[in-house]
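[1] Curious how this folds, go ahead:
(chains A and B)
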Amino acid sequence: MRRLDSVADSHQLDPWLSLTDLSRDIHSGEVSPVEVVTDVLRRIAALNPVLNCYITVLEEAALQQAAALEKLLLSGIDLGPLHGVPIAVKDNIDTVGVRTTVGSRVFADRVPDADATVIERLKAAGAVIVGKANMYEFANGSWHPDYGETRNPWDTSRSCYGSSSGSASAVAAGLAHGSVGTDTGGSIRYPAALCGVVGFKPSYGVVSRAGVYPLSPDLDHVGPLGRTVADVALQFAAMHGHEPGAGLSSQTSRLRVEGIERGIRGLRIGTPRLQPGEMVAAEVQAAIAAALGVLESQGARVVEVDVPDHLVSCAAVWTIFSAEFAEHERALMQERPNDYSKVVRAAILDGEFIPATDYVRAQRVRQAIRAAYRDVMEDVDVLALPVTPVPALKVGAETIDIDGHVQSIWPAFERYCPTFNATGLPALSVPCGFNQQSLPLALQLVGRHLGDWTVLRVGNAYQQATTWHESHPGGLGS
Amino acid sequence: MRIPAVSEEAVRAYCAMYGIAATDEEMRELPQRLKAVLADLRTLRQYDASESEMAVVFPVDAPAG
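    Residues are numbered from 1 along each chain as shown, chains lettered A, B, ... in the order given. Purely as a prediction, here's the structure:
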C-alpha cells in the first residue's frame, strides 16, 4: 500500500487525490476501502473542530460499510467506480438510522427510517457515507447557532456561503472525496465556487428528491460536488435516473461517463452581455475571459448573447421559494416556534405575507424566462458566466465591495445562480483561478435542458487544459 | 409604483387570523421589512410575461427517452 506521508506512522494517504484516482487505486488494490475511510476519519477528527464541515460523523458505520465493501471487492464483486469511496452528504438528505437535522433544532433528534432515493443509489454504487454535512438551517438563510458556521478552508476567516457549505468545505479540505448537496437558488454552486471545488446542479428532476427535505419543490435540485469535473460526473452517473411514479422526475440521455472525454471542438459557448447596473470584480472578469480563451483554444466558438434580466429571475425565485417554504413550515412553526432561529423565522414570516397574486405572477415570469432561455439555447450549446461577482466574503459580512462599489449581498452576490433554478437548466461551477489573496475564483457553465453531459464535457475539457483544480488549501496537512 | 405600507395592526390581525406564530418584536419589525420586500417585487410586476403559459407550473413526469 502506498504511503504518501513519510512522517506518518499510521495510514496516511494523499487527501488531495481525486475521487477518480482514488477509485483507480482502490480497484487496483493499491489501497483498501478500510484504509481510505480510516484516513478520512482521522482527518475529520483533526480538522472538523476548525472547519465545522460535519454535523454528524459516522465513524463506526462508515468503517463497517468500508469493511463490507472490502470483502466484496476481494471476492470479486465490484459495485463500480464509487466502490469504497468516502463521501459527505448534506444533512437535509435522509439517511436510514442516522440523524438528519436539516441544520435545525426542530429536527435535532430526527432519525429517518429509510434512505432518500439518491442515498440508496449511492450506497448501491458502493459509496461510503462518512458524515452528514453542515448546512444553512432548512437550507435557507444562515447556520443555526446550535451547529455554527462552516469555515472556508482557503481562509478560515471567510465564509463558504451556503447552503451546502459543509459539502463543499469537506471536499476542499480533504475530509471527503466527493459529496452531495442541494440547490434551490445556488446552494451547491456558491459554496463550491468559494471553496475552489466543482459543484453541479443537474437539470430539474434528473436526480430524485424523494427523501430530501423540501425548501421549494418547484426549485429544489440535488447534485454532486467534487475536486474535478470527472469526480462529479462519476457521482452524477450513480445518482441520476428517472423514478417512475415519483413525479417531477425526468432523465438525461443515456450517454456514459466516458462521453465527457469527447472534447469540445465545434461547440458554441454563449457569454451573456453585461446588463444595466451589473458589476463583476475585475479579477473575476479576467479569470473568466482567460477561461473562455482556453475553451476557444480547444475548438469551441465563443459568442455574445442576450439573456433575460438576472435580477428579475432573482425576484421570481425569491418569491416562489419564500411562499413555498412558509407554506411548508406553517404547521411546525406553530408547534415549535422557539426552535427556529430568528433568521429563518423572519424568512417564514416574509413568505406568509407575499400576496398570492405575486406568487402567481412569479410563476408566470418564471415561465417567460424559461421560454426566453429556450430561445437563447437554440443558438448555443453552453452559456459561460460568473457564479459570484467576487470571491469568498468575510464571515459576518453584510455587504460586498465590487472594486470599490459597496452593495448589499442580496441580490448583487446571488445575481447569477437563481435563474437556473427558475429555468431548471443544468449548471456547473468550475474553479478558474485565484485572486491575489489566494481565494478561489469560479466559472459557471450552463447547458440546455437535459444537456447535463454536455455541460460536464465542457467543464472536463477545461480542466484537462488547466491545473486550478490541483491546488489545495495550505495549512491543512498532507 | 407606490408600495402601500402594511401597518403593525394589520400584521397582528393577519397573524391572528391565520394562526401564524410571531413574537411581538417580529410583528413590530415586519411592516418595515415588508415594505422593502414588496418593493423588490416591482421587477416582477413590470416584466412582460404576457405570453407565458400559466398552466404549466410543474413539468410532467416524463422521461426524455
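[2] residues contacting residue A:198?
    Contacts for residue A:198 (CB atoms under 8 Å, 6 or more residues apart in numbering or on different chains) come out as A:192, A:225-229, A:231-232, A:428-431, A:459, A:469. For glycine as for every other residue, the C-beta is placed from the backbone atoms N, C-alpha and C.
[3] quick check, nearest of those to chain B?
    residue A:428 (18.9 Å; CB to the nearest CB).
[4] Quick one: name whatever helix or strand follows the host helix or strand of that closest one.
    Residue A:428 is part of strand A:427-434, with elements assigned from DSSP states H and E. Following strand A:427-434 in sequence order, the next helix or strand is strand A:440-447 (DSSP H and E).
[5] Run through chain B and note the low-pLDDT ranges.
    For chain B, the stretches flagged by pLDDT under 70 are B:1-4, B:51-65.
[6] biggest helix in it, by residue count?
    helix B:24-40 (DSSP state H).
[7] which other helices and strands contact it?
    helix A:342-352, helix B:8-18 (3 or more CB pairs under 8 Å, 6 or more residues apart in numbering or on different chains; DSSP states H and E).
[8] Of all the residues in the very next helix or strand once past the first one, which ones are buried?
    Yep, that's helix A:342-352 we're talking about. Once the chain leaves helix A:342-352, the next helix or strand it forms, by DSSP H and E, is helix A:356-379. Residues of helix A:356-379 classed as buried: A:358-359, A:361-370, A:372-373, A:376-377 (neighbour count, 16 or more other CB atoms under 10 Å in any protein chain shown).
[9] re earlier: give me the contact list for the longest helix of chain B.
    Taking CB under 8 Å, 6+ apart as the rule, helix B:24-40 contacts A:315, A:318, A:345-346, A:349-350, A:353-354, A:358, B:3, B:5-8, B:10-12, B:15, B:22.
[10] Dump it to PDB, keeping only the CA atoms.
    These are the backbone C-alpha positions of helix B:24-40, laid out as PDB (Å, rounded to 0.1, in the frame of the first residue of the first chain):
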ATOM      1  CA  ASP B  24     -44.300  40.900  19.500                       C
ATOM      2  CA  GLU B  25     -40.900  42.000  18.300                       C
ATOM      3  CA  GLU B  26     -41.300  40.300  15.000                       C
ATOM      4  CA  MET B  27     -44.800  41.800  14.500                       C
ATOM      5  CA  ARG B  28     -43.300  45.300  15.200                       C
ATOM      6  CA  GLU B  29     -40.400  44.800  12.800                       C
ATOM      7  CA  LEU B  30     -42.400  43.200  10.000                       C
ATOM      8  CA  PRO B  31     -44.100  46.200   8.400                       C
ATOM      9  CA  GLN B  32     -40.800  47.900   7.600                       C
ATOM     10  CA  ARG B  33     -39.200  44.800   6.200                       C
ATOM     11  CA  LEU B  34     -42.300  44.000   4.200                       C
ATOM     12  CA  LYS B  35     -42.100  47.400   2.600                       C
ATOM     13  CA  ALA B  36     -38.700  46.500   1.200                       C
ATOM     14  CA  VAL B  37     -39.800  43.000   0.300                       C
ATOM     15  CA  LEU B  38     -42.800  44.200  -1.700                       C
ATOM     16  CA  ALA B  39     -40.800  46.900  -3.300                       C
ATOM     17  CA  ASP B  40     -38.400  44.200  -4.600                       C
END
